[in-house]
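Peer 1: Provided below are the primary sequence and the corresponding predicted coordinates.
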Amino acid sequence: MSGPSSTQQPGKKPSNGKGRSSAAELASAVLRAVKEMPLDFSDLDEKAAPASEKAVEQPAIPVVDDHVEVAAATQPETQSETSATEAEPTVNTSDNLPPLSTDEKRISALFDRVKSLLGSQRAAEEEAYYPPCPESLEDAGISPDDVERLILKFLFSKGSASGRGIALQIKLPFGLIDPILKLLKRDQLLMYSGSAEMGDYQYGITDFGRERARRYFEECTYFGAAPVPLRQYLKAMEAQSIAKQQATEENLRESFSDLLINEDMLNRLGPAINSGRGMFLFGEPGNGKTSIAERITKCFGSTIWIPRALGVEGEIIRVFDPGIHDEISAEQSTGLFDLSGVDPRWVQIVRPTVIAGGELTMAQLEVTLNPSTRICESPLQLKSNCGTLVIDDFGRQRMPVDELLNRWIVPLEKRYDFLNLPSGKKVQVPFDQLIIFSTNLEPKDLVDGAFLRRIPYKIQVVDPTVDEFKEIIRRIAPKMGFQYNPEAVEHLVQTHYLGVNRPFRSCQPRDLLLQVRNYCTYRCLPKVMTPEAFDFAVDNYFSVL
């Protein structure tokens, strides 16, 4: 840029060439990012033109950046020179910064257009919920003091980081924390340890800052993503509720395509899944109750957004659990700006399926505080919201069945739960998941009528028929390196099942073929189904059954 903009006010100095060059490079990067989109940006030249070059009846576009606000109104034909002068860009005198040049106006207008188009595309793709990126700390539901705590604890632990590195750590836009960083620098809690790109700095922590960070660490050692307020979480769970999802017969068939499920079972599962309430899956062990429960969530075929951490009454509660939640890996932005429009404090995951077996305890159903870190962990029902919670081997938990039922009898009815915080306070949260109790015991022998009434669907997983048993073997055989041999399978069925009145189980084809494969490997034989190999497998497998 060789000179000041035509809209420059008298007495204002143009910015240096370095700033103009950086702005031009940024505009070039954005143009490259959107060049594949079938969009027309030709009108940006008109929007970025100086007020003096605009048509009389054409209104100017407001252009806003960190330091300058341009507000040009529609000019009538008879407007005086004084009025035209008033339409010139208004400069923030407190910062004493120059106005935007024509090129910078085009850049700002381009950003506005890209942001608008990205938002339009997202709305057009689907009506799904997504957490919008906050434009202020008030929108984020977090106070400057809370941000200060996260920054100081992070730098106390790491030593130094750039401003954008800090923003990436605590998952807040750089524009929101930059004023706080400068304030901490002014208060001598932080110091500049170097320069970074695009007007950023490397920040280090001073001795005074270390002392304050130590006090913050005594309260809580957390310095991850800034916590999301409870009200935003409640809004998100309501928008993504499992009760609003519907699974069709086609969805079920696709989700259970790798399992052999008879028609009667599918017809009973469909309405139970769409209820979004709960069900009992009961039947003999080995018939696939757990496998069915694990695939039920796939019927909905959608993803949800959950916060990495919640801020509730001064407590930080971690919600996102990499061991439970399956994160959708998003494309990482290679530039300095994130144009996704999504709040980085949230993570997109596949609708969760949380499975708790015999190890389930009452402590896992409450908010638990780690006494060393002072960080709270969310209970299983909170981690499974908008998904499925499977209580496997129900009736064999370490906790008494009555204790579990009494804990959940009201949430199952009301669809909300009350959590006890370490401070003694109680908070109401959604109890919004499809709960599946999987057991090989008779439900009526486990629970009373009051609890059974709150679980509207009781589905028995029956033994496979002879044809289904053979079909399971035929499907599994190629995966284990065998070629299906109908004569050997018929020998197995007639001799070791029908001949001795032994019931079929869905897990047995897999288990017996594993025995045959191990037998062939030991004897250095080709992997072939033979009656002799099945006789050997049956003798081992059913020796105590």
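Peer 2: That came through fine.
Peer 1: could you list the low-confidence segments of this structure?
Peer 2: Where the chain drops to pLDDT under 70, the residues are 1-127, 330-339, 545.
Peer 1: centroid residue for it?
Peer 2: What sits nearest the mean C-alpha location of the chain, by Cα atoms, centre = their mean, is residue 348, with 2.5 Å.
Peer 1: elements contacting whichever strand or helix holds that one?
Peer 2: In this structure, residue 348 sits in strand 346-350 according to DSSP states H and E. On a contact count with 3 or more Cβ pairs under 8 Å, 6 or more residues apart in numbering; DSSP states H and E, strand 346-350 meets strand 303-307. Where you see a C-beta, it was placed from the backbone N, CA and C, and this is true even at glycine.
Peer 1: now the strand it packs on: buried residues?
Peer 2: 304-307 (16 or more other Cβ atoms under 10 Å).
Peer 1: helix or strand next in line after that strand, which one?
Peer 2: By DSSP H and E, the next helix or strand past strand 303-307 is strand 309-312.
Peer 1: next, count neighbours for the closest residue to residue 300 other than its chain neighbours.
Peer 2: Leaving aside its chain neighbours, residue 300 sits nearest to residue 245 (4.5 Å; criterion: Cβ to Cβ, 6 or more residues apart in numbering). Look at residue 245: counted by other Cβ atoms under 10 Å, it has 19 neighbours.
Peer 1: residue 245 and residue 274: what is the separation?
Peer 2: 8 Å (Cβ to Cβ, to the nearest Å).
Peer 1: what strand or helix carries the closest residue to residue 426 other than its chain neighbours?
Peer 2: Closest residue to residue 426 apart from its sequence neighbours, by Cβ to Cβ, 6+ apart: residue 418 at 4.9 Å. Taking DSSP H and E as the definition, residue 418 sits inside strand 416-420.
Peer 1: please apply the same query to residue 344.
Peer 2: Counting by DSSP H and E, residue 344 is part of no helix or strand.
Peer 1: name all residues that make contact with it.
Peer 2: Residue 344 makes contacts with 133, 168, 171-173, 225, 338, as judged by Cβ atoms under 8 Å, 6 or more residues apart in numbering.
Peer 1: circling back: now the strand holding residue 348 against strand 303-307, angle please.
Peer 2: With axes from the mean of the first three to the mean of the last three Cα atoms, to 10 degrees defining the directions, strand 346-350 sits at 150 degrees from strand 303-307.
Peer 1: next structured bit after strand 346-350?
Peer 2: Past strand 346-350, the next helix or strand by DSSP H and E is strand 353-356.
Peer 1: now do the helices in the stretch 351-500 of the chain.
Peer 2: 380-383, 401-414, 443-446, 449-454, 466-476, 486-496 (DSSP state H, counting those that start in this stretch).
Peer 1: now residue 498: closest residue in space that isn't a chain neighbour?
Peer 2: Closest to residue 498 by Cβ to Cβ, 6+ apart is residue 466, at 7.6 Å.
Peer 1: now the one you found: how far from residue 477?
Peer 2: In terms of Cβ to Cβ, residue 466 sits 17 Å off from residue 477.
Peer 1: looking at these two, which is more packed in?
Peer 2: Set residue 466 next to residue 477 and count neighbours by other Cβ under 10 Å: residue 477 wins out with 19 against 13.
Peer 1: quick check: that one vs residue 281, distance?
Peer 2: 27 Å.
Peer 1: go on, residue 519?
Peer 2: Distance from residue 519 to residue 281, by Cβ to Cβ: 34 Å.
Peer 1: the two: who's more crowded?
Peer 2: Remark: of residue 519 and residue 281, residue 281 carries more neighbours, 27 against 18, as counted by other Cβ under 10 Å.
Peer 1: that one: what's it in contact with?
Peer 2: With the criterion set at Cβ under 8 Å, 6+ apart, residue 281 makes contact with 289, 292-293, 436-439, 459, 461.
Peer 1: in stretch 408-426, what counts as buried?
Peer 2: 408-409, 411-412, 417, 419, 421-422.
Peer 1: what about that stretch, start to end distance?
Peer 2: End-to-end distance of stretch 408-426: 16 Å, with Cα to Cα, to the nearest Å as the criterion.
Peer 1: could you do stretch 281-293 as well?
Peer 2: Counting by Cα to Cα, the terminal residues of stretch 281-293 are separated by 8 Å.
Peer 1: for the stretch 101-250 of the chain, which segments count as strands?
Peer 2: Secondary structure of the stretch 101-250 of the chain (DSSP state E, counting those that start in this stretch): strands located at 160-162, 190-195, 201-205, 228-229.
Peer 1: how about those strands, which one is nearest residue 297?
Peer 2: Judged by Cβ to Cβ, the one of these that comes nearest to residue 297 is strand 228-229, at 23.1 Å.
Peer 1: need the contact partners of that closest one.
Peer 2: 141-142, 307-311, 343, 345-346.
Peer 1: cutoff 7 Å now
Peer 2: With Cβ atoms under 7 Å, 6 or more residues apart in numbering as the test, strand 228-229 has contacts from 141, 307, 309-311, 345.
Peer 1: same check on stretch 483-490?
Peer 2: So stretch 483-490 is contacted by 470, 473-474, 477, 529-531, 534 (Cβ under 7 Å, 6+ apart).
Peer 1: which one of the residues you listed is nearest to residue 523?
Peer 2: Using Cβ to Cβ, those come closest to residue 523 at residue 530, 11.1 Å.
Peer 1: hang on, the earlier thing: now for the buried residues of stretch 408-426, which pair is the farthest apart?
Peer 2: 412 and 422 (25.5 Å).
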